[in-house]
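Peer 1: need the 3D shape of this:
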Amino acid sequence: MAGLLAISAEFERRFLRERTRAGLAQARQNGKRLGRPITAGLKAAEIRKLRRAGVAKAEIARRLKIGRTSVRRISGLTYFRKKRAILPNRNKSPRAGKAAK
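Peer 2: From the prediction side, this is the model:
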């Protein structure tokens, strides 16, 4: 009995997959843009303008109703790049240079 249910579930899943792919192909043919919509990227100029004005990233995110990560990505992460340059490189051990000689 369980085997019969498994076979019918697999059969239905195959049909569902085919219908989904057919629907996506039809949408592409009609010129529909598929995927996640671009929201934060459309506000890039405003994000940069607010950053130059000295507004905090979290405040920009609240004002524009987008994620803080999007604000950091668009504004270029210059603060974090500077911080990384100050931190020591943790990937190299002090003994690595001695072994290579």
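Peer 1: show me where pLDDT drops low in the protein?
Peer 2: In the predicted model, the chain carries pLDDT under 70 at residues 77-101.
Peer 1: how about the helices of it, start to end?
Peer 2: 2-29, 44-52, 57-64, 68-75, 78-86, 96-100 (DSSP state H).
Peer 1: please parse the chain into its domains.
Peer 2: 1-32, 39-88 (automatic domain parsing).
Peer 1: could you identify which of these is most buried?
Peer 2: Comparing the domains of the chain by mean neighbour count (mean count of other CB atoms under 10 Å), domain 39-88 ranks first with a mean of 13. No exception for glycine: its C-beta is placed from N, CA and C like everyone else's.
Peer 1: hang on, residue 44 packs against residue 71?
Peer 2: No - using CB atoms under 8 Å, residue 44 makes no contact with residue 71, being 9.9 Å away.
Peer 1: which residues touch residue 52?
Peer 2: By CB atoms under 8 Å, 6 or more residues apart in numbering, the contact list for residue 52 is empty.
Peer 1: please renumber so the chain begins at 279
Peer 2: Fine by me, first position is 279 from now on; the one you just mentioned is residue 330.
Peer 1: ok, now how distant is it from residue 280?
Peer 2: Residue 330 sits 65 Å away from residue 280, taking CB to CB, to the nearest Å as the criterion.
Peer 1: thinking again about what came up before, distance to residue 314 added to the helices of the chain, as CSV?
Peer 2: CSV is the format used below for the helices of the chain (distance: least, CB to CB, whole Å):
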stretch, distance to residue 314
helix 280-307, 15
helix 322-330, 16
helix 335-342, 17
helix 346-353, 12
helix 356-364, 25
helix 374-378, 42
